[in-house]
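>>> Pasting the sequence and the predicted coordinates here, then a few questions.
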There are 2 protein chains.
Amino acid sequence: MMSDADADTKQRILAAAEAEFLARGYDRSRTQAIADRAQINKAMLHYHFRSKDELFAQVFREKAKQLFPQVEASLREQPDFIRFVCRFVDLYLAYLIENPFLPSYLMQVATNHVELLQQVQIDLPKRLVAAFEAAVKAKVIRPHDARQFVVSLLGMCVMPFVGKNLIQGFLGLDEREYHALLAARAEEIKRYVVLLLTPEHPPERRRTKEA
Amino acid sequence: MMSDADADTKQRILAAAEAEFLARGYDRSRTQAIADRAQINKAMLHYHFRSKDELFAQVFREKAKQLFPQVEASLREQPDFIRFVCRFVDLYLAYLIENPFLPSYLMQVATNHVELLQQVQIDLPKRLVAAFEAAVKAKVIRPHDARQFVVSLLGMCVMPFVGKNLIQGFLGLDEREYHALLAARAEEIKRYVVLLLTPEHPPERRRTKEA
DNA sequence: GTCTATAAAAAGATAGAC
DNA sequence: GTCTATCTTTTTATAGAC
């Protein structure tokens, strides 16, 4: 049983923890900082959640649903696979711009808390692969390795976020320039998608054996 | 002044620290673990290096030279920019397969120790951009935003390393399959490079205004 | 359910002998 | 230069009153 106040506190802690964990990662996060954000005492945190670990796990299980934007619907509707991927790129980049810490957070969970990752179900990538292979079979896109494509696509999307400081440092970009690069990122990736997948891109040097 | 034994110990500590920091990152690394690896006492570590922080800094300053493989030479020799980039991709991926922790390490430094990153000089990316823009001007490659290209290229290269568990989980790959994907990765990226940069790729739908 | 006070554990750093 | 033993600090976790 849970009173309103109880639920509210618990929610505040969860929200505070999410902010802290996303921004700083598990190791650099402090239970004290989470308590401060939630405007409660550290003891409360341990009352509602056994430990930092347990809190982290609960936050992740909740957050796992939002690691990718909702694109499932459009996946079924869209008959044109290239258009679908382009739409995904638009959605995903807009989503990441709103939630820039998501990629690093996800990768940290993947490296340091694999068991958590395995507990949740994230099937967007596998669906993408399946849709990709169906599209190849239907000859609406050029034959290609679906897994490699997904890795490339994800890499191109998340690179500016997981490597923000790196990119700024390497290319010498100030905040404004960095954000300009971000804003133009979706177009860049879509160009790649179209270029790679459009079938019968007029003859290059080599051609695969196909009718 | 430094005796041989002294230098040897210091080197052992540095080597041990590098291994630990690369594999686990700063936060999860333990001075005790480093001492164990180096077969010395924790006190020795603090004798040769003031603190964990100082040790980390020295390791990074040393490692910074090896964050990218040596490609400077071939950059000047190679007149064909596309070939040069392809060669870089081959070199870089082979290098990363040998040093799979480098990308994550670099990104962690970039996010949690920016000041260290700023102290060292890593000019490969800027050189790439410069060479890219020169190649555009010389019309040996298609006009394109150099910075976006570099971000894409890096993203495609490092994604399988920074997101190993993620990819394995998402795509359901066991170790063998993951390594197969890695082995084929260079070809995948080079395909992208050629596709994107080769000039006058026979007419698509739209064309840029150009002679 | 919430707090104050305190314990316990972990990890980094130092003192001092050899 | 190297060690053992110890201190200090940081951070997580619990006891117990209200």
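Thanks, I have the structure now. Numbers count the residues shown, from 1 in each chain, chains lettered A, B, ... in the order given.
>>> To which secondary structure element is A:Asp36 assigned?
helix A:31-38 (DSSP states H and E).
>>> Wondering if that helix reaches chain B at all.
No: using C-beta under 8 Å from any C-beta of the partner chain, we find that helix A:31-38 stays clear of chain B, coming within 14.8 Å at best. Yep, even glycine has a C-beta here, placed from its N, CA and C like the rest.
>>> Likewise for stretch A:145-161?
Yes: judged by C-beta under 8 Å from any C-beta, stretch A:145-161 comes into contact with chain B at A:145, A:147-148, A:150-152, A:154-160.
>>> okay, that stretch in PDB with CA atoms only?
Provided in PDB are the C-alpha atoms of stretch A:145-161 (Å, rounded to 0.1, in the frame of the first residue of the first chain):
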ATOM      1  CA  ASP A 145      24.500  -6.500 -44.700                       C
ATOM      2  CA  ALA A 146      21.800  -5.400 -42.400                       C
ATOM      3  CA  ARG A 147      23.800  -5.600 -39.200                       C
ATOM      4  CA  GLN A 148      26.600  -3.500 -40.500                       C
ATOM      5  CA  PHE A 149      24.100  -0.900 -41.700                       C
ATOM      6  CA  VAL A 150      22.500  -0.700 -38.200                       C
ATOM      7  CA  VAL A 151      25.900  -0.300 -36.600                       C
ATOM      8  CA  SER A 152      26.800   2.500 -39.000                       C
ATOM      9  CA  LEU A 153      23.500   4.200 -38.600                       C
ATOM     10  CA  LEU A 154      23.700   4.100 -34.800                       C
ATOM     11  CA  GLY A 155      27.300   5.200 -34.900                       C
ATOM     12  CA  MET A 156      26.600   8.200 -37.100                       C
ATOM     13  CA  CYS A 157      23.700   9.200 -34.900                       C
ATOM     14  CA  VAL A 158      25.200   8.900 -31.500                       C
ATOM     15  CA  MET A 159      28.800  10.000 -32.200                       C
ATOM     16  CA  PRO A 160      28.100  13.700 -31.700                       C
ATOM     17  CA  PHE A 161      26.600  13.000 -28.300                       C
END
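>>> mind checking how far it is from the chain centre?
Distance, stretch centre to chain centre, for stretch A:145-161: 11 Å (C-alpha atoms, centre = their mean, to the nearest Å).
>>> on that earlier part again, just give me the closest of the residues of stretch A:145-161 next to chain B to DNA strand C.
When the residues of stretch A:145-161 next to chain B are ranked by distance to DNA strand C (C-beta to the nearest atom of the strand), A:Val158 comes first, at 29.1 Å.
>>> Domain parsing of chain A, as residue ranges.
Domain assignment for chain A by automatic domain parsing gives A:4-60, A:67-197.
>>> Run through who's touching stretch A:82-89.
With contacts defined as C-beta atoms under 8 Å, 6 or more residues apart in numbering or on different chains, stretch A:82-89 is touched by A:71, A:74-75, A:78, A:128, A:131, A:140-141, A:153, A:157, A:186, A:189-190, A:193-194, A:197-198.
>>> Any of those residues buried? List them.
Buried members of the contacts of stretch A:82-89, counted by 16 or more other C-beta atoms under 10 Å in any protein chain shown: A:71, A:75, A:78, A:128, A:131, A:141, A:153, A:157, A:186, A:189-190, A:193-194, A:197.
>>> Just put those in CSV and tack on pLDDT and secondary structure.
Shown next, in CSV, are the buried ones among the contacts of stretch A:82-89 (pLDDT from 0 to 100; DSSP: H, G, I helix; E, B strand; the rest coil):
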residue, pLDDT, secondary structure
A:Val71, 82, coil
A:Leu75, 69, helix
A:Gln78, 72, coil
A:Leu128, 94, helix
A:Ala131, 94, helix
A:Ile141, 97, coil
A:Leu153, 98, helix
A:Cys157, 98, helix
A:Ala186, 98, helix
A:Ile189, 98, helix
A:Lys190, 98, helix
A:Val193, 98, helix
A:Val194, 97, helix
A:Leu197, 97, helix
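>>> ok, so of the residues you listed, who is nearest B:Glu177?
A:Leu128 (17.0 Å; C-beta to C-beta).
>>> my guess is the closest one meets A:Val150, correct?
Yes: under the criterion of C-beta atoms under 8 Å, A:Leu128 makes contact with A:Val150 at 5.5 Å.
>>> Have a look at chain A and report its longest helix.
Using DSSP state H to define each element, chain A has its longest helix at helix A:4-28.
>>> So for that helix, what gets flagged as buried?
By neighbour count on 16+ other C-beta under 10 Å, the buried set for helix A:4-28 is A:9-10, A:12-14, A:16-22, A:24-26.
>>> Report the two of these separated the most.
Spatially, the most separated pair among the buried residues of helix A:4-28 is A:Thr9 and A:Gly25, at 24.5 Å (C-beta to C-beta).
>>> where are the low-confidence patches of chain A?
In the predicted model, chain A carries pLDDT under 70 at residues A:1-5, A:73-76, A:201-211.
>>> Get me the contact residues on it for DNA strand D.
Contact residues, chain A versus DNA strand D (C-beta under 7 Å from any atom of the strand): A:Ser29, A:Arg30, A:Thr31, A:Gln32, A:Lys42, A:Ala43, A:His46, A:Arg50, A:Ser51, A:Lys52, A:Asp53.
>>> again, only this time at 10 Å
Residues of chain A that fall close to DNA strand D, judged by C-beta under 10 Å from any atom of the strand: A:20, A:26-35, A:41-47, A:49-56.
>>> Get me the contact residues on chain A for DNA strand C.
A:1-10, A:12-13, A:27, A:35, A:38-48.
>>> can you pull out the helices in chain A?
Under DSSP H, chain A gives helices at A:4-28, A:31-38, A:42-48, A:52-63, A:72-77, A:81-98, A:102-112, A:114-119, A:124-137, A:146-162, A:164-171, A:175-197.
>>> Adding distance to B:Leu173 as columns, could you present those in JSON lines?
Below are those laid out as JSON lines (distance: least, C-beta to C-beta, whole Å):
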{"stretch": "helix A:4-28", "distance to B:Leu173": "25"}
{"stretch": "helix A:31-38", "distance to B:Leu173": "35"}
{"stretch": "helix A:42-48", "distance to B:Leu173": "37"}
{"stretch": "helix A:52-63", "distance to B:Leu173": "22"}
{"stretch": "helix A:72-77", "distance to B:Leu173": "22"}
{"stretch": "helix A:81-98", "distance to B:Leu173": "21"}
{"stretch": "helix A:102-112", "distance to B:Leu173": "13"}
{"stretch": "helix A:114-119", "distance to B:Leu173": "14"}
{"stretch": "helix A:124-137", "distance to B:Leu173": "11"}
{"stretch": "helix A:146-162", "distance to B:Leu173": "8"}
{"stretch": "helix A:164-171", "distance to B:Leu173": "26"}
{"stretch": "helix A:175-197", "distance to B:Leu173": "21"}
